[in-house]
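**Student:** Predicted structure and sequence below. I'll ask about it afterward.
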Amino acid sequence: MDGLARSTNSTRRGAVLALLCALVLGALPATAPPPAYAVTAIEAEHRRLGGASGRLGAALAPERCGLRNSGCYRSFERGSIHWSPGTGARATWGAVRAAWAATGWERGRLGYPAGGEVCGLRDGGCYQSFERGGIHWSPPSGAHPTWGAIRSAWAASGWERGALGYPTGGESCAGRSCRQSFQRGSITWTNGGGIRVAREIDRAASVFVVVNKRRPLSPVDYVPGNLESVGGHLMRADAAAAFRRMQADAARDGAPMTPISGYRSYATQRDLYRHYVSLYGQAQADLISARPGHSEHQTGLVMDIGDPSGECGLQQCFADTPAGAWARAHAHEYGFVVRYPPGRTATTGYAYEPWHLRYVGRHVSTGMARHGIPTLEHYMRLPAAPTY
């Protein structure tokens, strides 16, 4: 036994000495190398967005998986990132994220986000695409989702750049039909009945109505309600209130303007048009005067203005008078546009009329000014109307 114990101890001492020699000589590493650290798609997207100092801020919790379709997500101070095999890692935040949450996150109608938030749309808007739809946001409309047949119909109308503008609410359904409201109209879908688009630009009583040589009023003898006198000329109450504010501010700025012609009935416009035809012939009359039923004056939303001196009355040189120059620079701040701008006869069908101010509301007028959009036809994405 003593011999065996001595032999075993000798073996152990030899093994220890061999290990020490290996360490000294560098034949065996002192510690194992750290495992390679795999960055997840969510972490990579967070870094791409600026990490903790970026749009999302710092992480609030570890990444969690087990979502629908084998998805994962991680929460951050100002939003989250969701990942799925089919969509990749996409961030959501702000009003768009809140609207998505209201639909049920990835379990809802929209599914996972399929792209990042994109801004720079008309009126300072943003949108984000999802697997089965999208969410659009703008300062005046808020954030609202669109999907399915209603979304397809909205796309066909030109998205937010078209006649309908942005959605102002979500889709609501009852029975066999669903409806969604937009800034300038609505879209209704009916099971078995298809899509119906209602546009404010087609409604004679709407502030957004577009009247031109190819878009007569309906009915053609339409008479607006709530007409008020502005310096002896009639306008709709909403347009009249805006015109009075504009007129007062122009006067304070040293550019007084005089109302010359406001609302005209169908009969009045008919007689005026006939008079121009008798003076200039029909071709010239069509360039400077609307046929009855096609006149903006019949809406009660128009005022022709002049300079108190009478200089350049209803002439293109009016643009160079104090009143004309002020209106060109500031009318949009009050909801008015110069309806027939220079160089746009091929679109509007009329010669330049710097005196013809049309009330469209501040949202449209400021949007046209901000984006440099010259006519209502361009803003509403309507065809040009050079002839009847």
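**Tutor:** Received, thanks. Numbers count the residues shown, from 1 in each chain.
**Student:** which residues in the stretch 251-388 of the chain form strands?
**Tutor:** 258-261, 302-306, 336-340, 353-359 (DSSP state E, counting those that start in this stretch).
**Student:** For Val209, give its distance to Ala163.
**Tutor:** 11 Å (Cβ to Cβ, to the nearest Å). Where you see a C-beta, it was placed from the backbone N, CA and C, and this is true even at glycine.
**Student:** residues shared between the contacts of the two?
**Tutor:** With contacts taken as Cβ atoms under 8 Å, 6 or more residues apart in numbering, Val209 and Ala163 have Glu200, Ile201 as neighbours in common.
**Student:** report the angle between the axes of the helix or strand containing Asp249 and strand 302-306?
**Tutor:** Element membership for Asp249, per DSSP states H and E: helix 237-252. Angle between the axes of helix 237-252 and strand 302-306 is 20 degrees (criterion: axes from the mean of the first three to the mean of the last three Cα atoms, to 10 degrees).
**Student:** Can you give me the buried ones in helix 237-252?
**Tutor:** For helix 237-252, the neighbour count (16 or more other Cβ atoms under 10 Å) marks Asp238, Ala239, Ala240, Ala241, Ala242, Phe243, Arg244, Met246, Gln247, Ala250 as buried.
**Student:** And that helix, what does it pack against?
**Tutor:** Counting by 3 or more Cβ pairs under 8 Å, 6 or more residues apart in numbering; DSSP states H and E, the packing neighbours recorded for helix 237-252 are strand 227-230, strand 302-306, helix 322-330, strand 336-340, strand 353-359.
**Student:** Just checking: what are the partner strands of the shortest one?
**Tutor:** Each strand paired with strand 227-230, and its direction, by DSSP bridges: strand 233-236 (antiparallel).
**Student:** contacting residues around stretch 65-81?
**Tutor:** Under Cβ under 8 Å, 6+ apart, the answer for stretch 65-81 is 40, 42-43, 45-46, 55-64, 82-86, 89-94, 97, 106-107, 112.
**Student:** if we go to 6 Å?
**Tutor:** Stretch 65-81 is contacted from outside by 42, 45, 56-61, 63, 82-85, 89, 91-93, 97, 106-107, using Cβ atoms under 6 Å, 6 or more residues apart in numbering.
**Student:** same thing with stretch 261-279?
**Tutor:** The contact list for stretch 261-279 (Cβ under 6 Å, 6+ apart) reads 221, 227, 233-235, 285, 289, 291-292, 295, 297-298, 300, 303-304.
**Student:** Widest-spaced pair of those residues?
**Tutor:** Across these, the longest distance by Cβ to Cβ is 26.5 Å; it joins Leu227 and Ala285.
**Student:** Tell me how many other residues surround Gly349.
**Tutor:** 21 (other Cβ atoms under 10 Å).
**Student:** which ones are touching it?
**Tutor:** Listed by Cβ under 6 Å, 6+ apart, the contact set of Gly349 reads Lys213, Ala385, Pro386.
**Student:** From Thr387, how far out is the first one?
**Tutor:** Lys213 sits 6 Å away from Thr387, going by Cβ to Cβ.
**Student:** what about those two, which has more around it?
**Tutor:** Neighbours per residue, other Cβ under 10 Å: of Lys213 and Thr387, the larger number sits with Lys213, 17 against 8.
**Student:** where's that one relative to Ile201, distance?
**Tutor:** For Lys213, the distance to Ile201 (Cβ to Cβ) stands at 15 Å.
**Student:** And the helices in the stretch 251-388 of the chain?
**Tutor:** Per DSSP state H, counting those that start in this stretch, the stretch 251-388 of the chain carries helices over the ranges 266-280, 282-288, 322-330, 345-348, 362-371, 376-379.
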